[in-house]
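# Make a model of this:
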Amino acid sequence: MQNKWVALATMTLLLASPLLWADGQNISKINGSIRVESGRQVGSVETVNGSIRLEDSVQAGDIETVSGSIDIGRDATVGDIETVNGGVTLGRNTKADSIQVVNGRLRLDEQVEVRGNVTNVNGGITLAKGARIGGHLENVNGNIEVQGATIGAGIRTTTGDIEIGSGSRVDGGIHVAKPNSVGIFSNKRKPRITIGPDAVVNGTLKFDREVELRISDRATVGKIVGATPIKE
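Predicted coordinates for the structure are as follows:
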C-alpha cells in the first residue's frame with residue numbers, strides 16, 4: 001500500500017511540474033507550464049493554459065500555447081510558433097519556421113532567423129541586430145523596431161510606428177494600411193515612420209493613411225506613395 005501511495009505522489013509531482021521533456025516525443029499539457037532543458041531534442045510542445053520555456057540549444061517541432069508566454073533560449077531550432085495571449089522571445093542565434101502572436105510583445109534577439117512570416121496582431125515587435133526574416137513582418141497595433149536586421153518580404157502595419165534602424169534592410173517595401181473599422185482600429189494618431197542612416201528599403205513605400213515620414217539623407221528607399229518625406 002505504501003508503494004502505491006509513493007507512486008501516485010510521484011506521478012502527481014511529475015504532472016504538476018513545469019519541467020517536462022522527452023527526447024524525440026511530443027510534449028502536451030492542458031493546464032500548466034512546460035520547460036525543456038538545455039540540449040534536448042523533442043517533438044511538438046503544446047499547452048493550453050501556461051507558459052513554455054525552451055532553454056539553450058533545444059531542438060523541437062511546433063511550439064504552441066493559448067494563454068501564456070513563449071521564451072526560447074539561444075541556439076535553438078524549432079518549427080512554427082503560436083500564442084494567443086502572451087509575449088514571445090527568441091534568444092540569440094535561434095531558428096524558427098514562422099511566428100504568429102495575437103496579443104503580446106515579440107522580440108527576436110541578435111542573429112535570430114525566421115524562415116517564414118512573422119505576424120503580431122496587438123503588440124510591439126523588436127528585431128535586434130543581425131536578425132533575419134525570410135517572409136513578411138506584420139502587425140496591426142504596436143510599434144515595430146528593426147535594429148540592423150533584414151526582412152525579406154516587406155513590413156505592414158495599421159496604427160504602429162515603424163523604426164528602420166541604421167544598417168537595416170527591408171525588401172518588399174513598407175505598407176501602412178488604413179483602418180477599416182471603428183473603435184480600437186480607428187486610431188487617428190499619425191503613425192511615425194523613421195528610416196535611419198545606411199538603411200535600405202527596396203520596393204514601394206505605400207501609405208493609405210496620413211503618416212509622419214522621416215528619412216535619413218544616407219538611407220536608400222524605393223518609390224513613395226501617399227506621403228511626403230521629411231529629410232534628416
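# all contacts plus neighbour counts: C-alpha atoms, from now on.
Noted.
# pLDDT-wise, which helix or strand of this protein ranks last?
Between all helices and strands in the chain, the lowest mean by mean pLDDT, DSSP states H and E belongs to helix 2-16, at a mean of 40.
# Following element in sequence after that one, please.
Next along the chain after helix 2-16, taking DSSP states H and E as the criterion, comes strand 27-31.
# What pairs with that next one, parallel or antiparallel?
strand 45-49 (parallel) (DSSP bridges).
# Next secondary structure element downstream of the strand it pairs with?
Next helix or strand after strand 45-49 toward the C-terminus (DSSP H and E): strand 52-54.
# average pLDDT for that following strand?
Mean pLDDT, strand 52-54: 96.
# now stretch 31-38
For stretch 31-38, the mean per-residue pLDDT is 93.
# Please point out which parts of that stretch sit buried.
G32, S33, I34, R35, V36, E37, S38 (16 or more other Cα atoms under 10 Å).
# Output the below-cut-off pLDDT ranges for the protein.
For the chain, the stretches with pLDDT under 70 are 1-23, 181-187.
# Tell me how far the most centrally placed residue in it lies from D198.
Closest to where the C-alpha atoms of the chain average out (Cα atoms, centre = their mean) is L106, at 4.1 Å. Taking Cα to Cα, to the nearest Å as the measure, L106 falls 25 Å from D198.
# And for G124?
23 Å.
# between these two, which one's more packed in?
Neighbours of G124 and D198, each counted by other Cα atoms under 10 Å, are more numerous for G124; the result is 22 against 17.
# Just to check, that one is in contact with R105?
Yes. Taking contacts as Cα atoms under 8 Å, G124 lies within contact range of R105: 5.1 Å.
# returning to what we had before: the residue nearest to the centre of the chain and R218, how far apart?
Noted for L106: a distance of 29 Å to R218, by Cα to Cα.
# swap in T65?
43 Å.
# and what of N180?
From N180 over to R218 the distance is 35 Å, taken as Cα to Cα.
# Looking at the two, which is more packed in?
R218 (15 against 8).
# tell me the SS of that one?
Of the three states, R218 takes coil under DSSP: H, G, I helix; E, B strand; the rest coil.
# my guess is it meets V201, correct?
No. R218 is not in contact with V201 according to Cα under 8 Å; the separation is 11.9 Å.
# who's in contact with N85?
Neighbouring residues of N85 by Cα atoms under 8 Å, 6 or more residues apart in numbering: V66, S67, G68, S69, V101, V102, N103, G104.
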